[in-house]
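**Q** no FASTA, just this:
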């Protein structure tokens, strides 16, 4: 008994483990879960269709028996009228007994036929309901899988956007901007230092002095030339 209990518990544990494992797979692949559910519904539909066929066949058999009994009853009733009209009492008694048996059988057959008709109608309704559920499940499968694919695409795009860290890109540009500004400042500083160098200033001063001296010499030459031109005129 103890061993049986242990084996039962182990069996339940294994069954539960398999169930969880299958559940995880179905979460990762919902199309499998939907397909399994649809397959199960189709199997149920097939069995119900077979059962419905049997119920309808029974209804048809009872209806056929009822029709035959009613026809036979009509014949017996006609024969009974003939027996009564011809004073054949012994034959009339037999026909009355047969008529009574047929009346009882027809009453039972009518009850059976009514029940068989109700059973057939219920079975057909159930069959239609299961077929409707299968169609709804197929439509739900297509709709839900489309929603899942759309959600996965959005998640993937969001992940890509998250991976493209805008802050990091801006920081990289900021570093580039700072580098460029530093280069410009360094160039400006070099020019400033060059202009403030004493040798540079002295050269500029010498160039300026040379220009002043040349200008003074030019003025002196112009004055001498003017004086030379004026001297002959005074002599005359």
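**A** Arrived safely. None of these values were measured; they are calculated from a predicted model.
**Q** okay, the residue nearest to the spatial centre of the chain: pLDDT?
**A** A centroid search over the chain (Cα atoms, centre = their mean) returns residue 147, at 2.2 Å, as the residue closest to the centre. On pLDDT, residue 147 comes in at 88.
**Q** which parts of stretch 74-92 are buried?
**A** Across stretch 74-92, burial judged by 16 or more other Cβ atoms under 10 Å covers 76, 79-80, 83, 92. (Glycine included, C-beta is placed from N, CA and C.)
**Q** now flag whichever of these is closest to residue 180.
**A** residue 76 (118.9 Å; Cβ to Cβ).
**Q** the closest one: which element?
**A** Applying DSSP states H and E as the criterion places residue 76 in helix 30-85.
**Q** beyond that helix, next helix or strand please.
**A** Taking DSSP H and E, what comes next after helix 30-85 is helix 89-163.
**Q** how far off centre is that following helix?
**A** When distances are taken as Cα atoms, centre = their mean, to the nearest Å, helix 89-163 is centred 31 Å away from the chain's centroid.
**Q** follow-up on the earlier one: residues in contact with the residue nearest to the centre of the chain?
**A** For residue 147, no contacting residues are found, by Cβ atoms under 8 Å, 6 or more residues apart in numbering.
**Q** poorly predicted segments of this protein, please.
**A** 1-28, 162-172, 175, 189-212, 232-236 (pLDDT under 70).
**Q** mind giving me the domain ranges of it?
**A** What the record gives for the chain is the domain set 2-164, 171-235, from automatic domain parsing.
**Q** and for residue 109, the neighbour number?
**A** If you count neighbours by other Cβ atoms under 10 Å, residue 109 ends up with 21.
**Q** and which of the buried residues of stretch 74-92 is nearest to residue 47?
**A** residue 76 (43.2 Å).
**Q** quick one: the closest one and residue 97, what's the gap?
**A** 10 Å (Cβ to Cβ, to the nearest Å).
**Q** check residue 32 too.
**A** 68 Å.
**Q** what of residue 111?
**A** 22 Å.
**Q** same check, this time on residue 145
**A** Counting by Cβ to Cβ - residue 145 and residue 97 are separated by 71 Å.
**Q** what do you get for residue 121?
**A** Counting by Cβ to Cβ - residue 121 and residue 97 are separated by 37 Å.
**Q** ok, residue 70 next?
**A** 18 Å.
**Q** who has more neighbours, these two?
**A** residue 70 (15 against 11).
**Q** so what's the more buried one up against?
**A** Here residue 70 is in contact with residue 106 (Cβ under 8 Å, 6+ apart).
**Q** ok, it to residue 77 distance?
**A** 10 Å.
**Q** sec struct for residue 224, please.
**A** Secondary structure assignment for residue 224 (DSSP: H, G, I helix; E, B strand; the rest coil): helix.
**Q** burial count for it?
**A** 10.
**Q** go on, residue 95?
**A** 21.
**Q** how near is it to residue 71?
**A** 15 Å.
**Q** tell me which of the domains of the chain is the most buried.
**A** With neighbours defined as mean count of other Cβ atoms under 10 Å, the domains of the chain peak in mean count at domain 2-164, which reaches a mean of 13.
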